[in-house]
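Peer 1: Here is a sequence with its predicted model. Questions after.
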Amino acid sequence: MRALYNLWLLLLAPLWVPYVLWRIAAGSWRERWQERLGFVPVPPPSDKPRVWIHCVSVGETLAAQPVVKRLRHLLPDYELVFSTTTPTGQQTAIGALRDVVDYFVYFPLDLPFAVRRALGRIQPRALVLFETELWLNLLTEQRRRGGRVLILNGRISDRTARRAPRARPIYAAMLRCVDFICAQSPTDAARFIALGASPSRIEVCGNTKFDQALGALDRTADEWRQTLSLPEGAPVLVVGSTRTPDEEQLVVDAYMRVRATLPDTCLVLAPRHLERVGEVERLLQARGLTPHRRSQLPLSDGAHAQVVIVDTFGELASLYSVADVVVVGGAFAPLGGQNLFQPLAHGKPVFFGAHTHNFRDIAQLAKAAGVGFEVQTAEQLAEGVLRLLHDPKLREQIAQQASELIQKHQGAAQRCAEMVKKWL
C-alpha cells in the first residue's frame, strides 16, 4: 500500500509541488521552510529519550496543552518535541508550552525522504498525534524504526466518515501502524474501527478540550472592560471566530436589532482570521457603526468604545469573560463550527448556527444542558440575546449549569497522558 501511495504522490506532483513552492515563496510556509523537508532544528539525542507530539493548528494545539503539561510531570526524564503544521498553531504552542516543551518544529511533508530525515533527527520513542493526523509514510517509517504511535483526542469528523470508506485500504494501512487510540466519544471509536482500527486498541477517554477550557480563566470581566474601554454596566455581546462575510452580516443584523431595544449594548467581534480585520471593519462602518481595534485600546481621556474588533492573537479565550452573552461563529455556514468550550468555561450562554459537525458532541451537550442555543437567522439570534439580557437570573442559572457541564467531563487529559506513559 505504501508503494501505491507514493506512486500516487508522484503522479500528482504537478499539482501539489507548485502549491508547496507557492506556500514557501509567498505564503505562510516561508518561515523555517526547511523544516517542511525534514530539516528540523533538533540536535542528536543525548541520554534522554524523546516523545514527538504533533498538532495541525490552533484548535488541536489548545486541546494538547493540558496533556503536554501532564506528560512533563509524568515523564521528567524525557525530552518533548512539539510540531504543528500551521504558523498560528506554532505561535500558540510556543506561547503556551515554552516552559514544558524542549523543541518546537514544523511538521514535515509526508514524503519518504522528509519523514526519514525528521525521524532520524528526532528519534522519538513515541509519536503522539492529536485528533486525526494520519500520514502513511510517517506512520510506516516510525513503525519500521520500532517506535510507538498513539492517537490522542481521536476523532473522525462527519465529513471524513462519509468520504473515508472510499479510501478504506489506505486508512486501514495507516491504522495498522497505530498502537493505541484514545477516542473522544463512542461515535469516534466506532468510526475508527469501521476504517480498520483494532477494537482492542481503542478506548474512549473523552475530550481534552474540557480540561483546556479552564486555562482561559486568567483575566476578570472588570479587567477586560477597562482594557477595551467598554462603558461600565453596559451589556456586552462577544462574537468569536466568525469566518465569512455572511456570518458577520447575520451577527451585525442581530446586533442592530438588539441595540434598537437596548441602545447601550456593546459588541466585541473577533474574526477567526486576522487578515480579515479590515474587511470586517468596513462592514461595520457601512452599517453606521464606529469600530475600535483592540490593538488601539484602551482609549485615552476616559472615552468609551461601543464596538470593538479583536485584531490581536490569542486573547479571545480569556476575553469571553467580559461577555453577558456569546455568539460563536463558524456554524452559520457549513464550516463545522468553532470552539464552544472556552465561553462555557466562563459560564456564558452561547449561541451558534446549525453546522456544528466539527464540534458535534459539545454542541449537543450544551443544548441538552440548556446553556447552548442553536439559531439560524438574525431574528432568532436577536430574540435569544434580548431574552437573556433582560433576565439576569437566567444568566446566573446558565453560568452554574455551564460550569457544571465543563467540570463533569474533565479528566481526559490525565487519562491520555497516562496512556502515553503506559505505552513507552
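Peer 2: Yep, that arrived. Here the structure is a predicted model, which is why all the values come from computation and not from measurement.

Peer 1: The helix or strand encompassing Val258 - contacts with which helices or strands?
Peer 2: Applying DSSP states H and E as the criterion places Val258 in helix 245-261. With contacts taken as 3 or more CB pairs under 8 Å, 6 or more residues apart in numbering; DSSP states H and E, helix 245-261 sits against strand 236-242, strand 266-271, helix 277-286, helix 378-389. All C-beta spots, glycine's among them, are computed from the backbone N, C-alpha and C.

Peer 1: Residues contacting the longest one, please?
Peer 2: The contact list for helix 378-389 (CB atoms under 8 Å, 6 or more residues apart in numbering) reads 235, 237, 250-251, 253-255, 257-258, 261-262, 265, 324-325, 327, 349, 351, 373, 375, 394-395, 398.

Peer 1: what about the helix holding Val258, distance to the chain center?
Peer 2: 26 Å (CA atoms, centre = their mean, to the nearest Å).

Peer 1: can you check stretch 63-78 too?
Peer 2: 19 Å.

Peer 1: Ok, stretch 243-258 next?
Peer 2: Stretch 243-258 sits 23 Å away from the centroid of its parent chain (CA atoms, centre = their mean).

Peer 1: which residues does Ala114 contact?
Peer 2: Listed by CB under 8 Å, 6+ apart, the contact partners of Ala114 are Arg36, Leu37, Gly38, Pro108.

Peer 1: Which pair of these spans the longest distance?
Peer 2: Arg36 and Gly38 (7.9 Å; CB to CB).

Peer 1: I'd like the distance between the nearest residue to Val328 once chain neighbours are set aside and Lys421.
Peer 2: Take Val328 and drop its neighbours on the chain: the residue closest to it by CB to CB, 6 or more residues apart in numbering is Phe352, 4.9 Å away. Using CB to CB, to the nearest Å, Phe352 is found at 36 Å from Lys421.

Peer 1: returning to what we had before: so what sits against both of Arg36 and Gly38?
Peer 2: Pro108, Ala114.

Peer 1: in the stretch 101-250 of the chain, which spans are strands?
Peer 2: 103-106, 126-130, 148-154, 180-183, 202-204, 236-242 (DSSP state E, counting those that start in this stretch).

Peer 1: how close does the residue nearest to Val328 sit to Glu396?
Peer 2: Distance, Phe352 to Glu396, by CB to CB: 21 Å.

Peer 1: Over to Leu21?
Peer 2: Leu21 is 56 Å from Glu396, where distance means CB to CB.

Peer 1: go on, Thr85?
Peer 2: 41 Å.

Peer 1: Those two: which is more packed in?
Peer 2: Thr85 (20 against 11; other CB atoms under 10 Å).

Peer 1: Show residues contacting stretch 187-196.
Peer 2: 154-156, 160-161, 164-165, 168, 171-173, 175-176, 181, 183, 199, 202-204, 361.

Peer 1: any idea how this structure splits into domains?
Peer 2: Here the domain parsing of the chain from automatic domain parsing is 32-207+410-423, 218-408.

Peer 1: can these go into a markdown table with extra columns for distance to Val17 and mean pLDDT?
Peer 2: Converted to a markdown table, the domains of the chain look like this (distance: least, CB to CB, whole Å; pLDDT from 0 to 100):
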| stretch | distance to Val17 | mean pLDDT |
| --- | --- | --- |
| domain 32-207+410-423 | 10 | 95 |
| domain 218-408 | 25 | 95 |
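
Peer 1: can you redo those domains as a markdown table with distance to Leu11?
Peer 2: Conversion of the domains of the chain to a markdown table gives the following (distance: least, CB to CB, whole Å):
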| stretch | distance to Leu11 |
| --- | --- |
| domain 32-207+410-423 | 14 |
| domain 218-408 | 30 |
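
Peer 1: Please report the distance of Leu15 from Ser28.
Peer 2: For Leu15, the distance to Ser28 - CB to CB - is 19 Å.

Peer 1: In terms of neighbours, single out the busier of those two.
Peer 2: Neighbour count, other CB under 10 Å: between Leu15 and Ser28, Ser28 has more, with 11 against 8.

Peer 1: Number of residues surrounding the nearest residue to that one once chain neighbours are set aside?
Peer 2: Spatial nearest neighbour of Ser28, excluding adjacent residues (CB to CB, 6+ apart): Pro87 at 5.1 Å. Residues near Pro87, counting by other CB under 10 Å, number 16.
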